[in-house]
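> Show me the folded form of this:
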Amino acid sequence: TERICVLELDLRKDTRDAIPLNRTFRVPAAQAGTVHAALFDWDVWADDSRSDIMSNAPGARNFAGDVAWGWLLQVQEKAGADWKYGPFPTRTKVEKGEPIDVAVEFIARGISMHVRSRRALHPD
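Below you'll find the model as predicted:
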């Protein structure tokens, strides 16, 4: 899929309570194929205009972000209608444009994250 924002915080005013327990997104598949993993990256802005940025996003080539902080990569397996996994890992196959439901759990109020994905149950 295209890059999406799963959490946005203002470190000057938000508290841990601003971080939800989970969020679900519906995103279209960018191309046909197999969902192998979810890749998390981040951006940090030093000013309100968001012009002074430090990022580790793929292609950002921001040296500080590349060297000091890595990405979070989570291998994906097919989740069922109840978001549970089957007895054996299987991959999700999708067609271009097909909606995918992505559920993100924020563990310990954002210290870590876990993501599950599945083909959308009721495409809009």
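> What's the first helix or strand after the helix-or-strand element of the chain with minimal mean pLDDT?
Lowest by mean pLDDT, DSSP states H and E among the helices and strands of the chain is helix 63-68, with a mean of 57. Next along the chain after helix 63-68, taking DSSP states H and E as the criterion, comes strand 72-75.
> now for that next one, which elements pack on it?
strand 37-40, strand 112-119 (3 or more C-beta pairs under 8 Å, 6 or more residues apart in numbering; DSSP states H and E). Glycine gets a C-beta too; all of them are placed from N, C-alpha and C.
> List the buried residues for that strand?
Buried residues in strand 72-75, counted by 16 or more other C-beta atoms under 10 Å: none are found.
> Adjacent strands (with direction) for it?
strand 37-40 (antiparallel) (DSSP bridges).
> same question for the partner strand, mean pLDDT?
Averaged across strand 37-40, the pLDDT comes to 87.
> Just checking: what are the partner strands of whichever helix or strand comes after it?
For strand 37-40, the succeeding helix or strand toward the C-terminus, using DSSP H and E, is strand 43-45. In the sheet, strand 43-45 lines up against strand 53-55 (antiparallel) (DSSP bridges).
> Could you give the number of residues near the nearest residue to residue 41 once chain neighbours are set aside?
Using C-beta to C-beta, 6 or more residues apart in numbering and skipping the chain neighbours, the partner closest in space to residue 41 is residue 57 (4.5 Å). Per other C-beta atoms under 10 Å, the neighbour tally for residue 57 reads 15.
> Kindly report the same for residue 40.
A count of neighbours around residue 40, defined by other C-beta under 10 Å, yields 15.
> Tell me who's in contact with it.
Residue 40 sits next to 6, 71-74, 113, 115 when contact means C-beta atoms under 8 Å, 6 or more residues apart in numbering.
> As CSV, these with distance to residue 17 and pLDDT would be great.
Formatted as CSV, the contacts of residue 40 follow (distance: C-beta to C-beta, whole Å; pLDDT from 0 to 100):
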residue, distance to residue 17, pLDDT
6, 18, 85
71, 27, 74
72, 23, 78
73, 28, 82
74, 25, 87
113, 17, 84
115, 22, 90
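> just to revisit the earlier point, assign a three-state SS to the residue nearest to residue 41, would you?
Of the three states, residue 57 takes coil according to DSSP: H, G, I helix; E, B strand; the rest coil.
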